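Peer 1: Dropping the sequence and predicted coords here.
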Amino acid sequence: MALKITVIGTGYLGATHAAAMAELGFEVLGLDVAPEKIEMLAAGRVPMYEPGLEELLRRHVAGQDGSTGRLRFTTSWEEVGAFGDVHFVCVNTPQKHGEYACDMSYVESAFASLAPVVRDGSLVVGKSTVPVGSAQRLAEWLPEGAELAWNPEFLREGFAVQDTLHPDRIVIGVASERAEKLLREVYATPLGEGSPFVVTDFPTAELVKTSANSFLATKISFINAMAEVCEAAGGDVAKLAEAIGHDERIGKKFLRAGIGFGGGCLPKDIRAFMARAGELGADQALTFLREIDSINMRRRGQMVEMAREALGDGSFLGRRVAVLGAAFKPDSDDVRDSPALNVAGQIHLQGGQVTVYDPKGMDNARRLFPTLGYADSALEAVRGADVVLHLTEWAEFRELDPAELGAVATRRVVLDGRNALDAARWREAGWTYRAMGRPHA
Ligand code: UDX
């Protein structure tokens, strides 16, 4: 009989995982402790912007016209326990308030609720990003008849569906052959086809995730450090990235200099990793991550300074600043630790009149930064602006007509915080175009 799957937590990770499991043919039950989320999902709506996810969900969620009906949602732990052979725990692990460490309370409360209801023989699979050592500890919370595995997830927001259905690797940490066999069964579907399958122990599986994110963060801060040197020496970081990227050992990806990384993962993961290494007495091994973090945070301040300089008189007071982008990256409405909003907020605090526009992140941005100004389009944000900051590289911004924007801006100065606009096009339309880490024309 086919395995029955439950997914605990329905954020980016859980909602996508649940829909993907249904797509693969499994009967799936999703649980969240927030009833309003469950209501939305059960009605075939996704509580965040993630390309392709709503379509995938609707194909399977019970009650939707023409759906397979394989995917249902609940808030009942008893129902989850009685239903599932394999339970995927996908709740979030944010940064603790005022500390580097990760807040394990959602994971812990999920395990505390799940442990009393799981059936004998079932497998609980942690997917959340947790400090190394958590799996070993949480395994002891489960009753004797149930077992734990750890199966980190590497999906990127904006590509969640694609990354979940076609992962570039599947990593599982297991303590028994039976757990491995069950997970191989889950992934012996088109999802696992062609994906390398790495089987290891709990701590290694946990570390794979945090070390992968640390490596990615390091790559971005490395190129941003090179951008700082280029700015000092008059070099061009985009050319430099292109040239070093031809070396396959370095690779072209994740070398786009700009205002740095943000979001719900990289910043908090490197901090939690440092905190955990400290607890383990291995803090020296990760002191470089402190530098990675500070290079990253410095870029935001440098963008603010670049804007101040572009205004000419050293002050933002009474000046109008258009900010294109609020989400931490394009194709997402996620504004958690968004570099764009951080820059916008700093300028606002220094007296600038900031107007933000983002294709999808407006509602979340308004909730988080209610005192900033907002416009319904890029054109409206730019109207009357003394300087335009391009801070999230949406395709929509690359397609803007610089001549049309130039006609409504007070001054034609654009600062590209993502090195993503076509400089020649903007310059041809009479704009002063400047990008981080590149020489001024
Ligand atoms: C990341 C990891 O990529 C993913 O594998 C993991 O599961 C979760 O964390 P995500 O946070 O969705 O995914 O975004 P990612 O695409 O990694 O981008 C993170 C940040 O880095 C964004 O703010 C992005 O703008 C920035 N970035 C990325 C750069 O500044 N330069 C680059 O070259 C690449």
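Peer 2: Cool, got the structure.
Peer 1: Determine the longest helix present in this protein.
Peer 2: In the chain, with assignment by DSSP state H, the single longest helix is helix 202-233.
Peer 1: Return the set of buried residues in it.
Peer 2: 202, 205-210, 212-214, 216-228, 230-231 (16 or more other CB atoms under 10 Å). To be clear about C-beta, it is placed using only N, CA and C from the backbone, and glycine gets the same treatment.
Peer 1: cool, and stretch 106-121?
Peer 2: So for stretch 106-121, counting by 16+ other CB under 10 Å, buried means 106-107, 110-111, 113-115, 117-118.
Peer 1: before we move on, the earlier item: just checking, what packs against the longest helix of the chain?
Peer 2: Applying 3 or more CB pairs under 8 Å, 6 or more residues apart in numbering; DSSP states H and E, we find helix 202-233 packed against helix 134-139, strand 147-150, strand 170-174, helix 237-245, helix 266-279, helix 287-311.
Peer 1: Which stretches in this structure count as strands?
Peer 2: Taking DSSP state E, the strands of the chain run over residues 4-8, 27-31, 71-74, 86-89, 123-126, 147-150, 170-174, 197-200, 320-324, 353-357, 373-374, 387-390, 413-416, 432-435.
Peer 1: which other helices and strands contact the third one?
Peer 2: If contacts are counted by 3+ CB pairs under 8 Å, 6+ apart, strand 71-74 sits against helix 12-23, strand 27-31, helix 35-42.
Peer 1: Tell me which of the ones you listed sits nearest to V130.
Peer 2: Nearest to V130 among these is helix 12-23; the distance by CB to CB comes to 12.7 Å.
Peer 1: now the closest one and helix 35-42, what's the angle there?
Peer 2: For helix 12-23 against helix 35-42, the angle by axes from the mean of the first three to the mean of the last three CA atoms, to 10 degrees is 30 degrees.
Peer 1: Tell me which residues are up against helix 12-23.
Peer 2: Identification of contacts with helix 12-23 by CB atoms under 8 Å, 6 or more residues apart in numbering yields 5, 7-8, 10, 28, 30, 32, 41, 46-48, 50, 53, 56-57, 59-61, 68, 70-71, 88, 90-92, 127-128, 153, 155, 157, 160-161, 164-165, 186, 191, 264, 334.
Peer 1: quick one: the longest helix of the chain to helix 287-311, angle?
Peer 2: 40 degrees.
Peer 1: Next, report how far helix 202-233 is displaced from the centre of its chain.
Peer 2: On the basis of CA atoms, centre = their mean, to the nearest Å, helix 202-233 sits 15 Å off its chain's mean C-alpha point.
Peer 1: quick thing: my sequence starts at 37, can you match it?
Peer 2: Renumbered: residue one is now 37, and that last one reads helix 238-269.
Peer 1: and it, anywhere near the ligand?
Peer 2: Yes - with CB under 6 Å from any ligand atom as the criterion, the ligand is reached by helix 238-269 at 249, 252, 256.
Peer 1: do stretch 76-92 as well
Peer 2: No - Stretch 76-92 does not reach the ligand (CB under 6 Å from any ligand atom); its nearest approach is 10.2 Å.
Peer 1: Going by neighbour count, list what's buried in that stretch.
Peer 2: 76-78, 80, 82-86, 89-90, 92.
Peer 1: Equivalent analysis for stretch 99-111, please.
Peer 2: Burial within stretch 99-111, assessed by neighbour count using 16+ other CB under 10 Å, is assigned to 100, 103, 106-110.
Peer 1: And for stretch 276-286?
Peer 2: For stretch 276-286, burial by neighbour count (16+ other CB under 10 Å) applies to 276-277, 280.
Peer 1: sorry, back to before: any idea which of the buried residues of stretch 76-92 is closest to the ligand?
Peer 2: Nearest to the ligand out of the buried residues of stretch 76-92 is E86 (CB to the nearest ligand atom; 10.2 Å).
Peer 1: contacting residues for that closest one?
Peer 2: 48, 51-52, 193-194, 196-197, 368.
Peer 1: rerun at 6 Å
Peer 2: With contact set as CB atoms under 6 Å, 6 or more residues apart in numbering, E86 has these partners: A196.
Peer 1: Can you give me every residue that contacts T46?
Peer 2: 66, 68, 73, 77.
Peer 1: Please repeat the previous calculation with a cut-off of 10 Å.
Peer 2: Contact analysis of T46 by CB atoms under 10 Å, 6 or more residues apart in numbering lists 52-55, 66-70, 73-74, 76-77, 82-83, 109, 126-127.
Peer 1: Also G117?
Peer 2: Residues in contact with G117 (CB under 10 Å, 6+ apart) are 42, 123, 149-155, 158, 182.
Peer 1: if we go to 6 Å?
Peer 2: G117 neighbours (CB under 6 Å, 6+ apart): 153-154.
Peer 1: what does L65 give?
Peer 2: Applying CB under 6 Å, 6+ apart, the residues near L65 are 42, 108, 119.
Peer 1: Relative to the ligand, how far out is K73?
Peer 2: 20 Å (CB to the nearest ligand atom, to the nearest Å).
Peer 1: Next: L150.
Peer 2: In terms of CB to the nearest ligand atom, L150 sits 23 Å off from the ligand.
Peer 1: quick one: pLDDT of that residue?
Peer 2: You'll see L150 listed with a pLDDT of 98.
Peer 1: Equivalent analysis for M37, please.
Peer 2: 64.
Peer 1: Same question for G350.
Peer 2: Per the predicted model, pLDDT is 87 at G350.
Peer 1: Now it: closest residue in space, sequence neighbours ignored.
Peer 2: Among residues not flanking G350 along the chain, R344 sits closest, at 6.3 Å (CB to CB, 6 or more residues apart in numbering).
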